[in-house]
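>>> model this:
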Amino acid sequence: MLAKIMKWVSSVTLLLMVAFSPAANGFELLFSFLVFMGAIIVFRQALGEKQYVWAGGFIGIALAFNPAAPLFGALGSWFSMMALACAAIFAVSLLALKTRPVLSMASITDRTPGSESL
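Okay, here's the model as predicted:
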């Protein structure tokens with residue numbers, strides 16, 4: 001559930017960065033941090049599902065939006081194209097990467113599995 005929320009947050013954040021790029025100068029660090037954390041969380045989800053191509057893509061997004069050492073400034077047409085592409089990748093990952101629920105293990109002491117307790 002956290003991964004799904006962060007995918008949405010990151011997609012919206014990237015779209016806001018593009019839409020309000022001149023006015024978003026003061027919030028550039030916050031936006032970069034949100035996208036960075038979203039990419040790291042989806043990276044871990046992709047590794048858990050053994051989707052290594054997706055994991056590589058999201059580690060690339062995390063490196064590009066790293067707030068400690070940013071690679072790109074938040075202004076310009078190059079950044080806008082990259083942010084829109086990353087927003088599309090986050091949106092596609094909502095459909096492509098679905099975490100399967102972890103089922104609880106059956107108890108070894110239960111003689112009649114599926115029976116109700118008293």
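
>>> what sits against the closest residue to Pro70 other than its chain neighbours?
Among residues not flanking Pro70 along the chain, Ser32 sits closest, at 6.2 Å (C-beta to C-beta, 6 or more residues apart in numbering). Yep, even glycine has a C-beta here, placed from its N, CA and C like the rest. The contact partners of Ser32, by C-beta atoms under 8 Å, 6 or more residues apart in numbering, come to 65-67, 70, 74.

>>> go on, Leu14?
Contacts of Leu14 by C-beta under 8 Å, 6+ apart are 31, 35, 83-84, 86-87, 90.

>>> repeat that for 6 Å
83, 86-87 (C-beta atoms under 6 Å, 6 or more residues apart in numbering).

>>> what separates it from Phe31, distance-wise?
8 Å (C-beta to C-beta, to the nearest Å).

>>> ok, Ile5 next?
Distance from Ile5 to Phe31, by C-beta to C-beta: 16 Å.

>>> who has more neighbours, those two?
Between Ile5 and Phe31, counted using other C-beta atoms under 10 Å, Phe31 has the larger neighbour count: 20 against 11.

>>> hmm, that one is touching Met17, no?
Yes - the criterion here is C-beta atoms under 6 Å, and Phe31 meets it with Met17 at 5.1 Å.

>>> hang on, the earlier thing: buried ones only from the contacts of Leu14, please, as a PyMOL command.
Buried residues within the contacts of Leu14, by 16 or more other C-beta atoms under 10 Å, are selected in PyMOL with:
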select buried, resi 83+86+87
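
>>> what's the lowest-pLDDT member of the contacts of Leu14?
Among the contacts of Leu14, Ala83 carries the weakest pLDDT, at 88.

>>> roughly how far does that residue sit from Asn25?
15 Å.

>>> swap in Phe36?
18 Å.
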